[in-house]
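[1] following is a predicted model, sequence given first.
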Amino acid sequence: MSPANPRHASANPPKDAKASHPDAETMGFEDAVAELESIIERIDAGEVGLEASLDAYRRGAALVRRCRAILDSAQQEIERISAADLAARGADGNS
């Protein structure tokens with residue numbers, strides 16, 4: 001990893017660039033999906049070097065975990081609401 005290789009240096013953003021990304025654990029679903037799509041597009045287009053691709057992959061994995069957590073939470077909430085609705089219908093004698 002020699003700084004004499006300008007292509008290599010430009011393909012890897014400074015470590016400070018990561019600080020501008022919000023924490024994946026606090027992002028909303030739509031924001032996480034949008035950033036994930038952006039990462040995929042940049043990697044597919046070959047816009048980033050190997051090391052930056054690995055960093056992007058790590059970030060993408062964190063975003064996928066966040067999206068799955070949000071979807072799991074939403075599913076649990078829907079199941080809770082559905083169960084409460086069924087219980088209320090049963091208590092009213094409506095089937």
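    It's in.

[2] the host helix or strand of Leu71 packs against which elements?
    Leu71 belongs to helix 50-92 when elements are defined using DSSP states H and E. Using 3 or more C-beta pairs under 8 Å, 6 or more residues apart in numbering; DSSP states H and E as the contact definition, the elements that helix 50-92 packs against are helix 6-11, helix 29-44. Just so you know, the C-beta spots here come from the backbone N, C-alpha and C atoms, and that holds for glycine as well.

[3] rerun at 10 Å
    Counting contacts by 3 or more C-beta pairs under 10 Å, 6 or more residues apart in numbering; DSSP states H and E, helix 50-92 packs against helix 6-11, helix 16-19, helix 29-44.

[4] so which bits of stretch 53-64 are buried?
    The neighbour-count check on stretch 53-64 (16 or more other C-beta atoms under 10 Å) flags 53, 55-56, 59-60, 62-63 as buried.

[5] switch these over to CSV; also include pLDDT and distance to Ala74.
    Below are those laid out as CSV (pLDDT from 0 to 100; distance: C-beta to C-beta, whole Å):
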residue, pLDDT, distance to Ala74
Ser53, 91, 31
Asp55, 94, 29
Ala56, 94, 26
Arg59, 97, 23
Gly60, 96, 21
Ala62, 97, 19
Leu63, 97, 16
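
[6] pick the one among those residues closest to Asp23.
    Ala62 (8.8 Å; C-beta to C-beta).

[7] give me the neighbour count for the closest residue to that closest one other than its chain neighbours.
    Ranked by C-beta to C-beta, 6 or more residues apart in numbering and with sequence neighbours excluded, the top spatial neighbour of Ala62 is Ala24, at 3.9 Å. When counting by other C-beta atoms under 10 Å, one arrives at 20 neighbours for Ala24.

[8] over to Leu36?
    That count, for Leu36 with other C-beta under 10 Å as the rule, works out to 21.
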